[in-house]
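Enquirer: Sequence and predicted structure below; questions after.
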Amino acid sequence: MIHLENINLRVPGFVLKDINLHVQANDFFSLIGPTGSGKSLLLEGITGLLPFSSGTLLVGNQEITNLAVEKRNIAIVYQNFALFPHLTVTQNIFYGVAYHSISRQTALKRFDSLVSTLGLEKIIKRHPQALSGGEKQRVALARALILNPRVLLLDEPLSALDPIFHEEAKQLLKKIHDDLDITIIMVSHNFSDVLYLANRGAIINAGEIVQQGEIATIFERPNSKFTAFFVGMKNIHPIHNRNGKILIKQENIEITPSVQPDITATYMAIRPENISLKTPGMEKFENCFTGKIERITGNGVFLNVYLQTQNFQFEAIWPRSYLRDHDLDIGKPIVFGFHPEAVHTF
């Protein structure tokens, strides 16, 4: 559907370098990466707001690298929604229609459908300053969708919303994607949103794509130390391969993975939520350790629990209720472990 081939984009002090990206038709594709990595810049290049320095952009079988913005049939919704304060909701939604070859009858039909779908009936005569954050987002989505775009770009669409509207808006985005069969590319820093909404995605760092593919694969099978750390992997350590097992360097800790590590693998990582307490009557883990709780950090629903065994420390994430139910505290001896499937090498 969308192919970016050897794309470069230069702005003062920053460059997107040799971007090769493939977004399939009807994907909900998420671009993630550190702040300042070039995510939003890439979206603006796809829309045509910023020209690519070199490379090729195709949507379907059409090359649109040098096509004017209004002819690309690509819509974008920004983080701050960018509504016109002097226009009503209705006027904001219709604003882009004049710049596209859309008949008035078609536009009115789409307007009525979107107003109903997005629940805008009671606010169509208001101005943006009289709208809540969730209402502004729905208006911005309607303004983009009335154009019936081939691709919808979302730049941090949920970050400006408070927790109550956030969950509601997330469900709305999923419904729009499911109902309209539209291809969506979303920039986000919220991994919970990404894991819920996206089926595929890519990590960008310092202007370069460092991994792309299925979202589950990116989060569970990162391809480098950077990507492992970025997607929340913990327990990242240099290793030696030893007859299909892993020996953590500088420590006499042997770990059994589910598959024999590639000969080139130099690191392992384990997601902290995959480390569990062994309780009475529970079957023993293939990777099982005796130790104690060294420290506990965090003050939310989930806590970071640091588990000491011999001279080595593992980091787990456990619900606060888990510690309470098992009467766990700092210094308490415990038995803990993880299954071979939790061990990732790269």
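Expert: Alright, I've got the coordinates.

Enquirer: Please count neighbours and contacts with C-alpha atoms only from this point.
Expert: Will do.

Enquirer: Now do the same for Ala82: helix, strand or coil?
Expert: Following DSSP: H, G, I helix; E, B strand; the rest coil, we place Ala82 in the coil state.

Enquirer: burial count for Ser37?
Expert: Ser37 is surrounded by 20 other residues when neighbours are defined as other Cα atoms under 10 Å.

Enquirer: His339 contacts Lys284, doesn't it?
Expert: No. When contacts are counted by Cα atoms under 8 Å, His339 is not listed as touching Lys284 (9.5 Å).

Enquirer: These two - which one has more neighbours?
Expert: His339 (18 against 15).

Enquirer: which residues in the stretch 101-250 of the chain form helices?
Expert: 104-117, 133-145, 163-180, 191-197, 215-220, 225-230 (DSSP state H, counting those that start in this stretch).

Enquirer: Looking at the ones you listed, which is nearest to Asp18?
Expert: Closest approach to Asp18 among these is made by helix 225-230 (18.6 Å; Cα to Cα).

Enquirer: Need the mean per-residue confidence for that closest one.
Expert: Average pLDDT, helix 225-230: 94.

Enquirer: counting contacts, what elements does that helix pack onto?
Expert: Taking 3 or more Cα pairs under 8 Å, 6 or more residues apart in numbering; DSSP states H and E as contact, the helices and strands that helix 225-230 lies on are strand 234-242.

Enquirer: What strands flank the strand it packs on, and is each parallel or antiparallel?
Expert: Take DSSP bridges as the rule and strand 234-242 pairs in its sheet with strand 245-248 (antiparallel), strand 267-270 (antiparallel).

Enquirer: Can you add distance to Phe230 and give those back as TSV?
Expert: Converted to TSV, the strands paired with strand 234-242 look like this (distance: least, Cα to Cα, whole Å):
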stretch	distance to Phe230
strand 245-248	21
strand 267-270	12
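
Enquirer: looking at the ones you listed, which has the lowest confidence?
Expert: Ranked by mean pLDDT, these end with strand 245-248 at the bottom, a mean of 85.

Enquirer: got the CA coordinates for that one in CSV?
Expert: Coordinates of the C-alpha atoms in strand 245-248 are reproduced here as CSV (Å, rounded to 0.1, in the frame of the first residue of the first chain):
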residue,chain,number,x,y,z
LYS,A,245,22.5,-22.6,27.0
ILE,A,246,23.4,-19.1,28.0
LEU,A,247,26.1,-18.1,30.5
ILE,A,248,25.8,-14.5,31.7
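
Enquirer: and Phe289, that's in a helix?
Expert: No. Phe289 sits outside any helix when classified using three-state DSSP, being strand.

Enquirer: how many other residues sit next to it?
Expert: Number of residues near Phe289 (other Cα under 10 Å) recorded here: 19.

Enquirer: ok, back up a step: among the helices of the stretch 101-250 of the chain, which is nearest Glu63?
Expert: Taking Cα to Cα, helix 133-145 is the member of the helices of the stretch 101-250 of the chain nearest to Glu63, at 21.9 Å.

Enquirer: Next, the angle from that closest one to helix 104-117.
Expert: Orientation check (axes from the mean of the first three to the mean of the last three Cα atoms, to 10 degrees): helix 133-145 against helix 104-117 gives 150 degrees.

Enquirer: Which other helices and strands does helix 133-145 contact?
Expert: Applying 3+ Cα pairs under 8 Å, 6+ apart, one finds that helix 133-145 contacts strand 74-77, helix 89-94, helix 104-117, helix 163-180.

Enquirer: from those, which stretch is densest packed?
Expert: Neighbour counts averaged per stretch over those are highest for strand 74-77, at a mean of 22; criterion: mean count of other Cα atoms under 10 Å.

Enquirer: Report the strands that pair with that strand, each with its relative direction.
Expert: Paired neighbours of strand 74-77 in the sheet (DSSP bridges): strand 151-155 (parallel).

Enquirer: and the strand it pairs with, what's its mean pLDDT?
Expert: Strand 151-155 carries an average pLDDT of 95.

Enquirer: and what of stretch 65-84?
Expert: According to the model, stretch 65-84 has a mean pLDDT of 90.

Enquirer: nearest to Gln62, of the strands paired with strand 234-242?
Expert: Counting by Cα to Cα, and looking across all of the strands paired with strand 234-242, nearest comes strand 267-270 at 41.8 Å.

Enquirer: who touches the closest one?
Expert: 225, 228, 233-239, 342-346 (Cα atoms under 8 Å, 6 or more residues apart in numbering).

Enquirer: Can you convert these into JSON lines and add a column each for neighbour count and distance to Leu9?
Expert: What follows is the contacts of strand 267-270, written out as JSON lines (neighbours: other Cα atoms under 10 Å; distance: Cα to Cα, whole Å):
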{"residue": "Lys225", "neighbour count": "18", "distance to Leu9": "26"}
{"residue": "Ala228", "neighbour count": "26", "distance to Leu9": "27"}
{"residue": "Met233", "neighbour count": "23", "distance to Leu9": "31"}
{"residue": "Lys234", "neighbour count": "19", "distance to Leu9": "33"}
{"residue": "Asn235", "neighbour count": "18", "distance to Leu9": "36"}
{"residue": "Ile236", "neighbour count": "19", "distance to Leu9": "33"}
{"residue": "His237", "neighbour count": "15", "distance to Leu9": "35"}
{"residue": "Pro238", "neighbour count": "18", "distance to Leu9": "35"}
{"residue": "Ile239", "neighbour count": "22", "distance to Leu9": "38"}
{"residue": "Ala342", "neighbour count": "20", "distance to Leu9": "38"}
{"residue": "Val343", "neighbour count": "23", "distance to Leu9": "38"}
{"residue": "His344", "neighbour count": "23", "distance to Leu9": "34"}
{"residue": "Thr345", "neighbour count": "27", "distance to Leu9": "33"}
{"residue": "Phe346", "neighbour count": "19", "distance to Leu9": "30"}
